[in-house]
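A.B. asks: Predicted structure and sequence below. I'll ask about it afterward.
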Amino acid sequence: MKNMKILVLAEDSDESINAIKKSIEIAKIGESSIKLVSIVSKKQEATCKRYAKRWHQVDGSFMSDKEIPEINLAEDAGLVLDEIIRKTDFSGIKVEKQVLYGESYAVLFKQAVCDQADLIIIGNKGTGRIRQFFMNLQTADFISKTACPVLMF
């Protein structure tokens, strides 16, 4: 299929890198474009702020909430996307990037609809059995709602 819009969930993981490589293979065959997306959730931000505060207590600085340095996960995610684009050979392929904010499958679904994506490629991280079971339930729900094919690695 020519001129497909491929949406790839890009993170700093081996599975994600494999998904990106597969998206390049597919894009080169069909003269398609790739959009790399990274997702930042409220839970991730809260966790980082909590650990930052705990670290300051451990290192003896006992900072108040106002003194904790600003943590900008969206900016960090954008830098990771920039690094992926810089280190990966996308020659001849139109590549875009975007950082999304929210719960992963929900915002990925919305973005796929908004971009009228023809294919979604995501990496499948290996996790424990219980977490994998719930991840598979979320994945199945996501795939059932998506109007385009989903390729998982």
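C.D. replies: Okay, I see it.
A.B. asks: before we move on, what SS does Asp82 have?
C.D. replies: What DSSP: H, G, I helix; E, B strand; the rest coil gives for Asp82 is helix.
A.B. asks: The residue nearest to it when sequence neighbours are not counted in helix, strand or coil?
C.D. replies: Computed as C-beta to C-beta, 6 or more residues apart in numbering, the closest residue to Asp82 that is not its neighbour in sequence is Lys97, at 7.3 Å. Where you see a C-beta, it was placed from the backbone N, CA and C, and this is true even at glycine. Judged by three-state DSSP, the three-state class of Lys97 is strand.
A.B. asks: Could I get the pLDDT score of Lys97?
C.D. replies: For Lys97, the pLDDT comes out at 97.
A.B. asks: Next: Phe133.
C.D. replies: pLDDT recorded at Phe133 is 48.
A.B. asks: Over to the one 10 residues further on?
C.D. replies: Ile143 is assigned a predicted lDDT (pLDDT) of 72.
A.B. asks: List the contacts of it.
C.D. replies: By C-beta atoms under 8 Å, 6 or more residues apart in numbering, Ile143 lies in contact with Val150.
A.B. asks: If we use 10 Å, what do you get?
C.D. replies: Tyr105, Phe109, Ile120, Ile122, Pro149, Val150, Met152 (C-beta atoms under 10 Å, 6 or more residues apart in numbering).
A.B. asks: And Val40, by the same measure?
C.D. replies: Listed by C-beta under 10 Å, 6+ apart, the contact partners of Val40 are 48, 72-78, 99-102, 104, 107.
A.B. asks: So which of the residues you listed belong to helices?
C.D. replies: Cys48, Leu73, Ala74, Glu75, Asp76, Ala77, Gly78, Ser104, Val107 (DSSP state H).
A.B. asks: any chance of those in CSV, plus distance to Asp12?
C.D. replies: Output for the ones in helices among the contacts of Val40, formatted as CSV (distance: C-beta to C-beta, whole Å):
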residue, distance to Asp12
Cys48, 15
Leu73, 12
Ala74, 15
Glu75, 14
Asp76, 10
Ala77, 9
Gly78, 12
Ser104, 15
Val107, 18
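A.B. asks: Separate out the buried members of those residues.
C.D. replies: Burial by neighbour count, 16 or more other C-beta atoms under 10 Å: within the ones in helices among the contacts of Val40 this picks out Leu73, Ala77, Gly78, Ser104, Val107.
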